[in-house]
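> show me how the following folds:
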Amino acid sequence: MRRRSSSLAAAAFLALVASPALAATSTLPPPDAVARVTPGATEYRIGPADQLDINVSQLPELTKVVEVGPGGKILLPLVGQVQASGRTPVELSDDIAAALKKKYMKDPIVVVSVKEAQGDKITVDGAVTKPGVYPLAGPTTLLQAVALAQGPDPKLANPKRVAIFRTVGGQRRSAFYDLTQIRTGRAEDPAIYGNDIVVVDTSGAKSFMQNFQGGSFIGLLGMLVHPW
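Numbers count the residues shown, from 1 in each chain. A predicted model of the protein is given here:
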């Protein structure tokens, strides 16, 4: 019963955002923080709450996992506070090495990697087999995002109507895609970014959607996230 309610709420949400008041576009531009693509990408920019794996040769006290603070900095023994937010892992490695070289080591070898990126998670909801929040382990497309949720629900899903919700320029934007067209190569498989919300519509839900024409956007969003 709870699963059915979640799918129906997702369908109502899709119907509402497709109304003239919240019109969807056919394509979506990248989000505001496009540089923060994936933890493994060389252009990835570190952000607050990211967990960083820091390895410093010959200094085991500096080889540790640290979390970037709300102000974007990390605190390391011998080094003190270092600005991490907005830097790539390579740039931060060079910053730490430069700080150590000034006082403690001649040629420090520092390697920084992103263990967990707080901003690189997506929500996949609606008529999918396993709705939930999933981390992005690398460049991800819409087909791959739906696959993270074990694919469309074979009984409920309408794969021809899948929405992506994204914040661009400080505003929530949306676009709809046809998975059947993407699978056959007749449509492009769009890129998915951290904090995107992917919602797969339900099949045969038109009459249900019409029942929510006078509903509240906030109320329907609440049903989607908390269907109970």
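> wait, doesn't Ile54 sit right on Ile96?
Yes: counting by CB atoms under 8 Å, Ile54 touches Ile96, with 7.2 Å between them. Using the backbone N, CA and C atoms, a C-beta is placed for each residue, glycine as well.
> who touches both of these two?
Common neighbours of Ile54 and Ile96, using CB atoms under 8 Å, 6 or more residues apart in numbering, are 62, 76, 110, 112.
> now, those residues that are in strands?
With strands taken from DSSP state E, the overlap with those comprises 76, 110, 112.
> tell me which of the residues you listed is nearest to Thr180?
Closest approach between these and Thr180, by CB to CB: Val112, at 42.4 Å.
> tell me which residues touch that closest one, please.
Neighbours of Val112 in contact, by CB under 8 Å, 6+ apart: 52-55, 89-90, 92-93, 96.
> where does Val146 sit, in terms of helix or strand?
Using DSSP states H and E, Val146 sits within helix 142-148.
> next one: Ala163
strand 157-168.
> what mean pLDDT does that strand get?
Averaging pLDDT along strand 157-168 gives 90.
> contact partners of it?
Contacts of strand 157-168 (CB under 8 Å, 6+ apart): 14, 17, 24, 28-32, 126-128, 142, 146, 152, 172-181, 190, 192-193, 195-205.
> buried subset of the residues you listed as a PyMOL selection?
Selection of buried members from the contacts of strand 157-168 for PyMOL, criterion 16 or more other CB atoms under 10 Å:
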select buried, resi 14+17+24+28+31+126+127+128+142+146+152+173+174+175+176+177+179+190+192+193+195+196+197+198+199+200+201+202+203+205
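> would you list every one of the helices in this structure?
Taking DSSP state H as the test, the helices found in the chain are 2-17, 89-103, 142-148, 179-183, 206-210, 217-225.
> weakest of the ones you listed by average pLDDT?
Looking at these, the bottom one is helix 206-210 with a mean of 35.
> re earlier: which residues are contacting the helix holding Val146?
In contact with helix 142-148 (CB under 8 Å, 6+ apart) are residues 122, 124, 128, 134, 152, 162, 164, 177, 179, 182-183, 189-190, 192, 196, 198, 200.
> what residues of it count as buried?
Result for helix 142-148 [16+ other CB under 10 Å]: buried residues 142-143, 145-148.
> thanks again, I'm all set now.
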